[in-house]
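S.K.: Got a predicted model here, sequence first, then my questions.
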Amino acid sequence: MTENLITKGGAVAGKLTAVTDVQATDDLIAGDDLTVGDDASVAGDLSVTGQFQQIRSLANIADGGSMAATAAQVVTSRIITATPTTARNIQLPAAADIIALTGSTVGTTVEFLVVNLAATTHALTLTVNTGTTIQGSATIAANTNNAFLVRVASSTTVVVYKQ
């Protein structure tokens, strides 16, 4: 299938491949492989028996006095690396930029990872931007990584939680 698949009831398939979107307002069950080239949206239950794979790419932020993560790095790449030469801040994207990629449904979440590749004591600290707040410590020690969860809190705000 190379077109959109939209179903208002349950959808059951053996092997299902969609180049664009898959959208189900009830259950979606694929008895074999389910491959979606773009967005998949399921309003009912989604059950996965076997492996569930997410493809993530690395997004490196160059060392410097003004380091910032983009919404695409947080929402799409979801693995952010940096090698600071001194303690540095990384400014998070504005909530509006994150929401433009995730949609404005309250409760939508995205996980991302920040990897500090500094071999010594140079910490990274995430800082807020317009409409963005952070709950918990946002400091990533040298030679460690921390997972964070972004949650859409309203149509204009997001909260970032350290996991």
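M.R.: In hand now; what should we look at?
S.K.: Which residues are in contact with Gln73?
M.R.: Residues counted as contacts of Gln73 (CB atoms under 8 Å, 6 or more residues apart in numbering) are 59, 61, 80, 93, 112. All C-beta atoms are positioned from the backbone trio N, CA, C, and that covers glycine.
S.K.: Quick check: the residue lying closest to Val158 once chain neighbours are set aside vs Asn89, distance?
M.R.: Spatial nearest neighbour of Val158, excluding adjacent residues (CB to CB, 6 or more residues apart in numbering): Ala95 at 4.5 Å. Counting by CB to CB, to the nearest Å, the gap from Ala95 to Asn89 is 18 Å.
S.K.: The two - which one has more neighbours?
M.R.: Neighbours per residue, other CB atoms under 10 Å: of Ala95 and Asn89, the larger number sits with Ala95, 26 against 17.
S.K.: Isn't that one up against Thr130?
M.R.: Yes: judged on CB atoms under 8 Å, Ala95 makes contact with Thr130 at a distance of 6.5 Å.
S.K.: And the contacts of Gln73, which of them are buried?
M.R.: Neighbour-count burial (16 or more other CB atoms under 10 Å) applied to these gives 59, 61, 80, 93, 112.
S.K.: which helix of the chain spans the most residues?
M.R.: Counting residues, the longest helix in the chain under DSSP state H turns out to be helix 95-102.
S.K.: Give me the mean pLDDT for it.
M.R.: Per-residue confidence for helix 95-102 averages out to 96 on the pLDDT scale.
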